[in-house]
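In: after the sequence you'll find the predicted model.
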Number of protein chains: 4
Amino acid sequence: MPKIGMEPIRRAALVQATIDVLGASGSLDVTVGQIAKQAGMSSALAHHYFGGKDQIFLAAMRSILREFHVEVRTALAAAPTPRARAEALIEASFAKSCFAPATVSAWMTLYAQATTQPDMHRLLQLYQGRLKSNLTHALRPLSKSPSEDAEMLAALIDGLYLRAALAKAPNIAAAQKIAMRALDQLTEPTP
Amino acid sequence: MPKIGMEPIRRAALVQATIDVLGASGSLDVTVGQIAKQAGMSSALAHHYFGGKDQIFLAAMRSILREFHVEVRTALAAAPTPRARAEALIEASFAKSCFAPATVSAWMTLYAQATTQPDMHRLLQLYQGRLKSNLTHALRPLSKSPSEDAEMLAALIDGLYLRAALAKAPNIAAAQKIAMRALDQLTEPTP
Amino acid sequence: MPKIGMEPIRRAALVQATIDVLGASGSLDVTVGQIAKQAGMSSALAHHYFGGKDQIFLAAMRSILREFHVEVRTALAAAPTPRARAEALIEASFAKSCFAPATVSAWMTLYAQATTQPDMHRLLQLYQGRLKSNLTHALRPLSKSPSEDAEMLAALIDGLYLRAALAKAPNIAAAQKIAMRALDQLTEPTP
Amino acid sequence: MPKIGMEPIRRAALVQATIDVLGASGSLDVTVGQIAKQAGMSSALAHHYFGGKDQIFLAAMRSILREFHVEVRTALAAAPTPRARAEALIEASFAKSCFAPATVSAWMTLYAQATTQPDMHRLLQLYQGRLKSNLTHALRPLSKSPSEDAEMLAALIDGLYLRAALAKAPNIAAAQKIAMRALDQLTEPTP
DNA sequence: AATGAATGAGGATTCATTCAT
DNA sequence: GATGAATGAATCCTCATTCAT
């Protein structure tokens, strides 16, 4: 009994299914069939709603990034001072949700695909741009060269995440502390 | 004209072909057939010498890392002071060869595969371990917490590389400068 | 023109095609492609419905055995006396259909595969068990040691079949007569 | 250092290797490479000496049958009476060596290939002809219809062997006893 | 005599995608 | 709106076989 207005529901289900399957398999070699099955529909329908595998993936990445973005905005909104804002950005980057297997797999997919897929590349740059911009904004009252320091802090965050996410036994707290320490040094160069 | 002692030659050719194809296509979806063709042999021979696609890839990654390792060692050997050693490590990480399309693709492959392929994971950890260890060694006379600072610098380098490698117009010099500045701050905390 | 409810039709077509190809080629080296072609579909569809070559083969064997089983039951049902039942079992074993090239090839496949494939082994044992059990039942009122005599008669039938099936010019009637004579001797040991 | 007169040695080694591999794998899907490796030589040499895979197999079958033939002749030579000769034939057919995995696999190969390969077919018929002829000869003084009884006994032996060889837990002794009992009945129809 | 080198041909299997219903 | 049906294309891999050395 086909219903009306199913489109958003189906799309959401597929996006979630993609993330789930990605997390469960750990691998990037995920088939449309698996995703559709997980979403409880036929693979034909998945194509109908998304047009192709790449776009399903893209939507999933977008979803993850959007969720992350929401968390960041919420944390920023609750931060009273510039310093607190910077800390909030770091904390969000090392939140537990970022280290869920599905999220890690998604990020690696994003990095790998960004080389070829223009859409993926754009998505990645969106994330990178936002992080930089948020950091710059937070550092502006605290640093003499906020843009450069933001660049450095952003790269440090990404690098720490990469290393922690791919470690056997990721020490998230330690990674976060290193980022925080870097923030300290940026903001209080001469104690 | 079959000759004797071809194995090392063929293996080297396949490794190089893998890197070439990886660089040319940008994509990670490279087939054994493409690689073998590029290497000027049948795909059957490729399998004969390597046993499977995964091992061909693995050998290619190993080759890239080995080459990098050699460059690093050479640069380190030529560095007179600890400070110069640390700088050499940074310079090697941002050498032009590291940004060749093939190399970038290889690194992204490595990151992506490390999630699933144990061998790839081991390889990645070998690289990460070496960078950390080299940095620690160089920082020991310069820093009060060499291990922690090395961890930070290593992550920063990886993050800067990741961002630069995936940028449309990578500003390698800028990335390197940021790393150098971080080194400065670590070694001369209170001017 | 895709229709609905094709699965049983396709499966049956594949099973029949397997038997046909097996009979036509005589060989056991039959490819999924050949079978699918004979069944008028793509090899991908064959895999879709059966999951793999082994299972296609297994289904074909099962089909042949099932058909044989049906013939046996029909013949047994029409047999008024124990003696007639025993004769019916022999006659069924030497029915013309059992000597069709496809059937012979299938049996040889079954024997050959039974060494390795557990499923095939099970199938063979099912046949052997049924023949023995049917014979035992028929011989019970006629023989002093029905189980042992059934064992003997079953082996004799198999051996005669094997020899006749693999002969250049199989003399089926003669083989059947030999089995009948053995039955005579078992049931009227002292004339 | 190639030596002279290696041909018979190499051929024998290959034949033995074929039997060994056949026995070890249980499967009929044995590659020339496996055989050659087991025989301690290159697969190219195997081809050089035998011309092709089929002929290697054929030679292996021939070897097994020849060995069996020798055992039969020896046993026959030692049998003082016709009755003893018949018993010797049965005993040879159920000798332990006939149930070695390699031998069983070889027999099943022979049956399966006999459908297609003329050479294999000829070999099978050679065996069948010899068994029949030997039995006829032994039964001539004991039976009123030695040819027919030999035919029956030969088929019984083959059938019993087939069933025992393919059983999970083959009861060789029981199979042999059944054959012996059949011999009893043939030779002493009216006690 | 012996082999490493090399390949062509083929085979099972997978999968994204399309289409008629 | 939804799906089972269906496939073409591609991929990895294996193997018997040949050839130059």
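Out: Looks like it arrived, so ask away. Residues are numbered from 1 along each chain as shown, chains lettered A, B, ... in the order given.
In: can we go C-alpha only for contacts and neighbour counts from here?
Out: Will do.
In: how close does A:Leu22 sit to chain C?
Out: To chain C, A:Leu22 is 24 Å away according to CA to the nearest CA, to the nearest Å.
In: in this structure that residue contacts A:Ser105, no?
Out: Yes: because the distance of 6.4 Å satisfies CA atoms under 8 Å, A:Leu22 is recorded as touching A:Ser105.
In: quick one: common contacting residues for the two?
Out: Shared contacts of A:Leu22 and A:Ser105 (CA atoms under 8 Å, 6 or more residues apart in numbering or on different chains): A:Leu28.
In: okay, and the spatially most central residue of chain A sits in which element?
Out: Centroid-nearest residue in chain A: A:Leu65, 4.3 Å away (criterion: CA atoms, centre = their mean). Using DSSP states H and E, the element containing A:Leu65 is helix A:53-77.
In: C-terminal to that helix, what's the next element?
Out: By DSSP H and E, the next helix or strand past helix A:53-77 is helix A:82-93.
In: returning to that earlier point: distance check, the residue nearest to the centre of chain A against A:Ala77.
Out: 18 Å (CA to CA, to the nearest Å).
In: which stretches of chain A have low pLDDT?
Out: A:1-4, A:189-191 (pLDDT under 70).
In: spell out which parts of it neighbour chain B.
Out: By CA under 8 Å from any CA of the partner chain, the residues of chain A that approach chain B are A:26-28, A:105, A:108-109, A:111-116, A:121, A:125, A:148, A:152, A:154-160, A:162-163, A:166-167, A:178-179, A:185, A:189-191.
In: give the buried subset of those as a PyMOL selection command.
Out: Only the buried entries of the residues of chain A next to chain B go into this PyMOL selection, using 16 or more other CA atoms under 10 Å in any protein chain shown:
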select buried, chain A and resi 26+27+28+105+108+109+111+112+113+114+115+121+125+148+152+154+155+156+157+158+159+160+162+163+166+178+179
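In: just the ones in helices from the residues of chain A next to chain B, please.
Out: Within the residues of chain A next to chain B, residues falling in helices by DSSP state H are A:105, A:108-109, A:111-114, A:121, A:125, A:148, A:152, A:154-160, A:162-163, A:178-179, A:185.
In: from chain A, which residue is nearest to chain D?
Out: A:Asp29 (31.5 Å; CA to the nearest CA).
In: for that residue, what are its contacts?
Out: Here A:Asp29 is in contact with no residue (CA under 8 Å, 6+ apart).
In: phi, psi of it?
Out: phi -80, psi 70 (degrees, to the nearest 10).
In: how far away is it from chain C?
Out: Separation of A:Asp29 from chain C (CA to the nearest CA): 20 Å.
In: and the gap between that residue and B:Gln113?
Out: 10 Å.
In: ok, A:Arg163 touching B:Leu156?
Out: No: look at A:Arg163 against B:Leu156 with CA under 8 Å: they stay out of range, at 10.4 Å.
In: and the residue in chain A positioned nearest to chain C, what element?
Out: Chain A approaches chain C most closely through A:Gly33 (12.6 Å), counting by CA to the nearest CA. Secondary structure from DSSP H and E places A:Gly33 in helix A:32-38.
In: which positions within that helix qualify as buried?
Out: So for helix A:32-38, counting by 16+ other CA under 10 Å, buried means A:32, A:34-38.
In: please report the distance of whichever residue of chain A sits closest to chain B from B:Gly159.
Out: Nearest residue of chain A to chain B: A:Gly159, at 3.8 Å (CA to the nearest CA). Plainly put, A:Gly159 is 4 Å away from B:Gly159 if you go by CA to CA.
In: next: A:Met152.
Out: A:Met152 is 9 Å from B:Gly159, by CA to CA.
In: same deal with A:Lys144?
Out: Distance from A:Lys144 to B:Gly159, by CA to CA: 22 Å.
In: again with A:Ser147
Out: Here the criterion is CA to CA. By it, A:Ser147 lies 16 Å from B:Gly159.
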